[in-house]
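**Q** no sequence for this one, just the structure:
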């Protein structure tokens, strides 16, 4: 389910009614607030004045590009969960960067749940003059790009872009929007989240909630900045509940690369009338269950699939892969009750062989139940953790859980990915989820991934000759998310594309090598981990010093081993952090290289010392040992065995642990520079057997 920011367009990164999905994972079309845009010529009340704008100057905010000079938002909610939200915004540009970032205001529109009026959109100049933005000329409404990217068609999901003409430094964008939320996710319930800390300063933000006095409204300001907010809760003359919050002089939050989402670390207000998470689970179960009725055709397919399986794990896998691979991910949002949450009847999804995530999840639940498993639908905030304290159910995706004997989720499955070998991909691990398993259901986190399950294993057997040429064979095997990432790239690729992928992986570790006899496992065969093998020849693995020593650089003398190591460690790009570092994945990489040395090369050999680094988030090691005694024909060849290991153990690194990641990064950069010292005289004797320039060009 996807959901777009219900209060977007003010440039504040306001939180959505349910968080939106990112490229790479499928999502249900869900609640996105805003719809028909009506523009009238209502002018701003002159008596209120603009004098407060004189406080917003580059001198007062020397490091900022724009400032929220003032925002006044009032939401009045009703017993059925519907509400009216009036929001007035003054956003001041301080320099050309602020102009560039805010010259287009975007509003996301979903006609299933809401309509929107914009009675005012104008620009206030520093001299106090006002120019009204003609929305008929400067506004454009298009289909939602996010839905199109996910192969979902929903004509009610639109994007309104307002282009602010001739915006200059010193100007203030001033607009009023009125949103009529005529339909809400859970009938009779009202909830939301307001972010009060952004990537630019908030001079003044006033927020008010008003509703029936007998509806209990739970509120919490989380990660509050001392002295930056105040609140008041009381009743008006009609006994309505009034909650007022004022946020003042909140400094800009400076974002960092690979940090958690802004709404997890910024000061935020949570509010909800929902008493417990189990209430949401019961609502979702009541919404989905009527669509789960099986059919003879579905039951026959289940018998066919599980009849070829042995144990329970194989039965689950057979049903999972059928829905993942044979039910195409696409859909049209046309549900009657709760568009974006409500699945189609599973019979329709099965017959059409397509559906979005909620449809595929519903079908898999039904097929698992037909096979005797206690399966339930699950809503999940994929890639994100929700705040536990207040029930704000901003879920963005639908998956499946098989309950254990105690009624708790034991196995999670996401059948939306057509290429994954994993039941639950790593980007949905450590994410808030809610199983529709009964009124006692609680908000949980999906299990954290095990690095040992996400492995890159490279085994190299090679031989060094007297010319410094290293020849051998490399075999690579990948499991878990490493398998998922590579398999997705390989499926549907041409043989040439697959060959190029192998070259990219191998040449990054063996520069200048020539590859031959490249072989791939079948990416369509999910019974086997994906992998490849190839023969290689690599010149110039030996260099000589002025002292006559020969320095040998083995294949394992490389910066990183696995296919994701370098990418993940590159996220540690700052010398210090204010927020946690998100790796998002845990991986384990291992390279084992066995090298046969030329005769006589072991005389006076010097091996690099074993190296090791261990921390809470990262571990790495490099070890080498010498084998072969020279006694007997079988042991006459001298061998070196190199073992290189690397592991990222934590999805998220707390700020106190970040320095250890930097230390690991520095150590790993140094390790490839340490060679093996071998008999230089031996290598010199083979000098006349070196390749000619012409022969070298063929390598």
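**A** Yep, that arrived. A quick note: this is a predicted structure, and the numbers were derived from the prediction, not measured.

**Q** Would you agree residue 595 falls within a strand?
**A** Yes - judged by DSSP: H, G, I helix; E, B strand; the rest coil, residue 595 forms part of a strand.

**Q** Double-check it against residue 465; I have them as touching.
**A** No - taking C-beta atoms under 8 Å as the definition, residue 595 is not a contact partner of residue 465, at 11.3 Å. For every residue, glycine as well, the C-beta is placed using N, CA and C.

**Q** neighbour-wise, which of these two wins?
**A** Of the pair residue 595 and residue 465, residue 595 is the one with more neighbours under other C-beta atoms under 10 Å, namely 23 against 18.

**Q** Bridge partners for that one, pull those for me.
**A** residue 462, residue 640 (DSSP bridges).

**Q** Can you point out the buried residues in stretch 450-462?
**A** By neighbour count with 16 or more other C-beta atoms under 10 Å, stretch 450-462 contains the buried residues 451, 453, 454, 455, 456, 457, 458, 460, 462.

**Q** So which of the residues you listed are in strands?
**A** Using DSSP state E to define strands, the subset of the buried residues of stretch 450-462 located there is 455, 456, 457, 458, 460, 462.

**Q** what bridges to the first one?
**A** Going back to what we said before, that points to residue 455. According to DSSP bridges, the partner residues bridging residue 455 are residue 588.

**Q** For it, give me its contacts.
**A** Applying C-beta atoms under 8 Å, 6 or more residues apart in numbering to residue 455 gives the contacts 477, 478, 479, 480, 482, 562, 587, 588, 589, 590.

**Q** 10 Å instead?
**A** Contacts were defined as C-beta atoms under 10 Å, 6 or more residues apart in numbering; by that measure residue 455 touches 477-483, 529, 562, 587-590, 647.

**Q** What of residue 415?
**A** For residue 415, the contact set (C-beta under 10 Å, 6+ apart) comprises 26, 319-327, 329, 355, 357, 360-361, 363-365, 367, 399-400, 423.

**Q** doesn't residue 270 fall inside a strand?
**A** Yes - under three-state DSSP, residue 270 sits within a strand.

**Q** Can you tell me which of the contacts of residue 415 are buried?
**A** 26, 319-325, 327, 329, 355, 357, 360-361, 363-365, 367, 399-400, 423.

**Q** from the contacts of residue 415, which ones fall inside helices?
**A** Cross-referencing the contacts of residue 415 against helices under DSSP state H gives 319-326, 357, 360-361, 363-365, 367.

**Q** Farthest-apart pair in those, please.
**A** Farthest apart among the ones in helices among the contacts of residue 415 by C-beta to C-beta are 325 and 365. That separation is 17.5 Å.

**Q** Show me the shaky parts of the stretch 351-500 of the chain.
**A** Within the stretch 351-500 of the chain, no stretch has pLDDT under 70.

**Q** Show the residue spans covered by the helices in it.
**A** 357-370, 480-490, 495-507 (DSSP state H, counting those that start in this stretch).

**Q** by contact count, what packs against the last one?
**A** Spelled out, that is helix 495-507. Using 3 or more C-beta pairs under 10 Å, 6 or more residues apart in numbering; DSSP states H and E, the elements in contact with helix 495-507 are strand 455-464, strand 470-478, helix 480-490, strand 514-520, strand 530-538.

**Q** make it 8 Å
**A** Counting contacts by 3 or more C-beta pairs under 8 Å, 6 or more residues apart in numbering; DSSP states H and E, helix 495-507 is packed against helix 480-490, strand 514-520, strand 530-538.

**Q** The shortest one too?
**A** With contacts defined as 3+ C-beta pairs under 8 Å, 6+ apart, the secondary structure elements packing on helix 480-490 are strand 455-464, helix 495-507, strand 530-538.

**Q** The longest one now?
**A** In this structure, helix 357-370 makes packing contacts with helix 277-288, helix 296-307, helix 312-326, helix 346-352, strand 375-380, strand 397-403, judged by 3+ C-beta pairs under 8 Å, 6+ apart.
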